[in-house]
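Colleague: here are the coordinates; sequence isn't available:
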DNA sequence: TTAGTGACTGTAG
DNA sequence: GCTACAGCCACTA
């Protein structure tokens, strides 16, 4: 297990400001595009096993769709967390996605 | 080892 | 705008 990749994904995810979201591809690209966006999603899937809390709900696909909500214990939790942070969610997707989009730097 | 799968994305029609 | 296909790499059985 190479925690290096996962650790980076978790680190970037934790750096996402409140009220902002990002995409799997953005993270993958930030890590050097050495890995595919699917690996980012896979890493986040393992985020529950991570020792520290990872706001995986702030990571969505490029369309702003909450594709990962199905992997949460309660699918409604992801929406509530986003809305509590000021992100509008409608029909399992982020409203004004481009405005709240945040890219790692 | 090989094959199947996945929280994705870009390109083509 | 949407649908379909291919590429992507790590993990599990």
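Modeller: Perfect, thanks for sending it. Since the model is a prediction, treat every value here as computed from it, not as a measurement.

Colleague: now the helices for chain A?
Modeller: Assigned by DSSP state H, the helices in chain A fall at A:3-14, A:24-30, A:37-45, A:75-84, A:97-100.

Colleague: Centre of the chain to the shortest one, how far?
Modeller: Translated: helix A:97-100. In this view, helix A:97-100 has its centroid 14 Å away from the chain centroid, taken as Cα atoms, centre = their mean, to the nearest Å.

Colleague: what is the mean pLDDT for it?
Modeller: Helix A:97-100 carries an average pLDDT of 94.

Colleague: same question, stretch A:27-39
Modeller: 85.

Colleague: how far does that stretch sit from the chain's center?
Modeller: 13 Å.

Colleague: So for residue A:51, what's the pLDDT?
Modeller: pLDDT at residue A:51 comes out at 84.

Colleague: For it, give its distance to DNA strand B.
Modeller: 15 Å (Cβ to the nearest atom of the strand, to the nearest Å). Just so you know, the C-beta spots here come from the backbone N, C-alpha and C atoms, and that holds for glycine as well.

Colleague: I'd like to know how many residues surround that residue.
Modeller: Here the number of neighbours of residue A:51 (other Cβ atoms under 10 Å) works out to 6.
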